[in-house]
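K.L.:
Provided below for reference: sequence and predicted model.
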Amino acid sequence: MDQGLLDVLQNAKHVLVFTGAGVSAESGIPTFRDALVGLWARFDPAALATREAFRRDPTFVWGWYEWRRMQVYNTQPNLAHQAIAELSAIVPKLTLVTQNVDDLHERAGSTEVIHLHGSLNKPRCFACARFATDPLPPPDDPTEGRHLEPPRCSHCGGKLRPGVVWFGENLPAQALAQSFAAAKDCDVLLSVGTSGVVEPAAQIPDIAWRAGATVVHINPDAKCVRTPREFWLDGRASEVLPLLVQGFRSSR
């Protein structure tokens with residue numbers, strides 16, 4: 001590992017970890033954009049991930065998201081998720097921001113995860129927008145394409161919708177503000193398994209770099225980096241992150 005990077009890790013006081021679909025993909029969860037296995041290669045986003053789609057056929061949309069939730073339920077956190085949880089016990093401060101809607105970070109032991117795109121496990125009412133107070137039970141049918149009636153809101157009786165950000169919707173304002181604030185405050189940002197093209201989340205590494213942080217991209221896809229204070233580590237997150245955590249640990 002680059003000695004200059006190791007020196008930075010040794011002095012890190014606040015580390016921001018910013019994760020994308022590539023981290024969950026290593027646990028077997030399909031990404032949205034992969035040309036061969038991506039979810040949108042087989043499904044029409046307009047039929048599944050818009051408010052209009054839910055109005056048109058809420059049972060189809062809810063059933064599909066329950067199928068997705070079953071996929072997550074049957075997977076396990078990988079070494080990348082575990083390394084991030086381990087890192088939180090090493091550095092003085094760690095902020096974890098994810099674009100993923102699964103709960104694999106939490107299941108690996110991370111706490112206070114900022115979900116920029118919402119969560120499959122936190123539905124909210126389509127009518128009054130309140131989040132459900134009762135946790136969703138484990139999904140009971142993995143059948144793709146099954147129509148399921150959405151649960152009802154305990155406050156107003158409206159239909160619950162998946163608690164994820166759909167096309168045409170804004171990211172949660174509080175989560176985005178917390179992410180931008182952490183980017184401005186951190187001295188090291190680890191960008192892991194993200195394409196870096198989805199706005200406005202894609203601004204987070206740039207905000208950190210402009211504020212003086214060292215930015216480390218962990219991705220098997222080539223990444224153009226600026227100098228100084230920006231690195232690209234070629235490889236899978238589950239391979240690179242454990243090594244990087246060793247670097248943090250050995251330098252302290």
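P.N.:
Nice, I can see it. As the structure is a computational prediction, the values presented were derived from the model and not from experiment. Numbers count the residues shown, from 1 in each chain.

K.L.:
Break the chain into its domains for me.
P.N.:
Taking automatic domain parsing as the domain assignment, the record places the domains of the chain at 1-28+77-118+171-252, 30-74+124-161.

K.L.:
now the longest one, how far from the centre of its chain.
P.N.:
Right, domain 1-28+77-118+171-252. Taking CA atoms, centre = their mean, to the nearest Å, one finds domain 1-28+77-118+171-252 lying 11 Å from the centre of the chain it belongs to.

K.L.:
would you list every one of the strands in the stretch 101-250 of the chain?
P.N.:
Remark: strands of the stretch 101-250 of the chain, listed N- to C-terminal, are 114-115, 124-125, 160-161, 188-192, 214-218, 230-233; assignment by DSSP state E, counting those that start in this stretch.

K.L.:
Can you check what angle separates the fourth one from strand 214-218?
P.N.:
Here the directions of strand 188-192 and strand 214-218 differ by 20 degrees (axes from the mean of the first three to the mean of the last three CA atoms, to 10 degrees).

K.L.:
From the contact counts, what lies against strand 188-192?
P.N.:
Using 3 or more CB pairs under 8 Å, 6 or more residues apart in numbering; DSSP states H and E, the elements in contact with strand 188-192 are strand 14-19, helix 203-210, strand 214-218, helix 237-250. Yep, even glycine has a C-beta here, placed from its N, CA and C like the rest.

K.L.:
Let me know which of those is the nearest to Phe54.
P.N.:
Taking CB to CB, strand 14-19 is the member of the helices and strands packed on strand 188-192 nearest to Phe54, at 27.0 Å.

K.L.:
about what we covered before: ranking the domains of the chain by burial, who's on top?
P.N.:
domain 1-28+77-118+171-252 (a mean of 19; mean count of other CB atoms under 10 Å).

K.L.:
Tell me what the closest residue to Val225 other than its chain neighbours is bridged to.
P.N.:
Of all residues beyond its chain neighbours, the one nearest Val225 is Trp232 (5.1 Å), with distances taken as CB to CB, 6 or more residues apart in numbering. Residues in a beta bridge with Trp232, per DSSP bridges, are His217.

K.L.:
just for the protein, where's the confidence low?
P.N.:
By pLDDT under 70, the low-scoring segments of the chain are 1-3, 31-43, 45, 141-145, 222-223, 251-252.
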